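In: with the sequence up front, the predicted model follows.
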Amino acid sequence: QKEVEQNSGPLSVPEGAIASLNCTYSDRGSQSFFWYRQYSGKSPELIMFIYSNGDKEDGRFTAQLNKASQYVSLLIRDSQPSDSATYLCAVNPASGNTPLVFGKGTRLSVIA
Amino acid sequence: NAGVTQTPKFQVLKTGQSMTLQCAQDMNHNSMYWYRQDPGMGLRLIYYSASEGTTDKGEVPNGYNVSRLNKREFSLRLESAAPSQTSVYFCASSARINTYTGLNQPQHFGDGTRLSIL
């Protein structure tokens, strides 16, 4: 059973701080990693994807991947109340053209 | 710039009734997916279609059927609705896996269908 684990939260951070969201996965051969944001009552929205070890930055968001340790993280700099949402980590299994495996998500609350 | 369109957005059914949830995408994606999302359970894959003409079971297929009508459309049918199928249903699509790199492409989601079964 291929698994993606996330702390359910809530993770509370003050406005302007860095929010750090973590995700671990069980399938060592996984190659594609995605972060989605889901506001309450809305559908998941793609924020970032990362394929290679290291950091990938996009505006206030940075995705970090460490395949040796089997974790992927999302950093949100200068957190805003509008960042309050559930963040879903998704990983592709190593077995080729199969659907992504989603974690259950971490709920982030940014306090003004 | 519609992306993935789901209909209806809301539906209330009685136990035993049948209905079909519709999904269409205009991004020329090969793969399409149906998920359900329940509180505390995350997204659970019901069925998916890797390409036109193929469908496969996901994690929770019981009580559902699907049809990949053409490249654009992928429908989900509840033949005899049960209260346990009360949920939010999301359709998603993605481009074909990159056969050279083996890397999956991101999935793009529709707005969801909120289904209540009494």
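Out: Yep, that arrived.
In: ok, residues contacting stretch B:36-56?
Out: Outside stretch B:36-56, the residues that touch it by CB atoms under 8 Å, 6 or more residues apart in numbering or on different chains are A:44, A:88, A:97, A:99, A:102-105, B:30-35, B:57-61, B:64, B:66-68, B:70-71, B:74, B:76, B:85, B:87-90, B:96, B:112. No exception for glycine: its C-beta is placed from N, CA and C like everyone else's.
In: quick one: average confidence on that stretch?
Out: The pLDDT scores in stretch B:36-56 average 91.
In: end-to-end on it?
Out: 16 Å (CA to CA, to the nearest Å).
In: buried set for that stretch?
Out: B:R36, B:Q37, B:G42, B:L43, B:R44, B:L45, B:I46, B:Y47, B:Y48, B:S49, B:A50, B:T55 (16 or more other CB atoms under 10 Å in any protein chain shown).
In: so what sits opposite the fourth one in the bridge?
Out: Note on B:L43: beta-bridge partners by DSSP bridges are B:Q37.
In: now it: how far from A:D58?
Out: Per CB to CB, to the nearest Å, B:L43 is found 23 Å from A:D58.
In: go on, the second one?
Out: Computed with CB to CB, the distance linking B:Q37 and A:D58 is 26 Å.
In: next one: the third one
Out: B:G42 sits at a distance of 24 Å from A:D58 (criterion: CB to CB).
In: check A:G41 too.
Out: From A:G41 to A:D58 the distance is 25 Å (CB to CB).
In: cool, and A:F102?
Out: Taking CB to CB, one finds A:F102 at 20 Å from A:D58.
In: of those two, who's got more company?
Out: Taking neighbours as other CB atoms under 10 Å in any protein chain shown, A:F102 and A:D58 compare with A:F102 leading, 22 against 11.
In: for that one, what are its contacts?
Out: A:V4, A:Y36, A:L88, A:C89, A:A90, B:G42, B:L43.
In: where is pLDDT lowest across those residues?
Out: Lowest pLDDT of these: B:G42, 88.
In: B:G112 touches B:K9, doesn't it?
Out: Yes - the pair B:G112 and B:K9 qualifies as a contact (CB atoms under 8 Å) at a distance of 7.4 Å.
In: between the two, point out the one with more neighbours.
Out: Neighbours were counted for B:G112 and for B:K9 using other CB under 10 Å; B:G112 has more, 22 against 10.
In: check which helix or strand the residue in chain A positioned nearest to chain B maps to.
Out: Closest contact between chain A and chain B, by CB to the nearest CB, is at A:K104 (3.5 Å). Using DSSP states H and E, A:K104 maps to neither a helix nor a strand.
In: okay, now it: neighbour count?
Out: 18.
In: pLDDT score assigned to it?
Out: At A:K104, pLDDT is 94.
In: which residues touch the closest residue to B:V4 other than its chain neighbours?
Out: In this structure, B:V4 finds its nearest non-sequential neighbour in B:G110, 3.8 Å apart by CB to CB, 6 or more residues apart in numbering or on different chains. B:G110 makes contact with A:S43, B:G3, B:V4, B:T5, B:Q6, B:C23, B:F90, B:C91, B:A92 under the criterion CB under 8 Å, 6+ apart.
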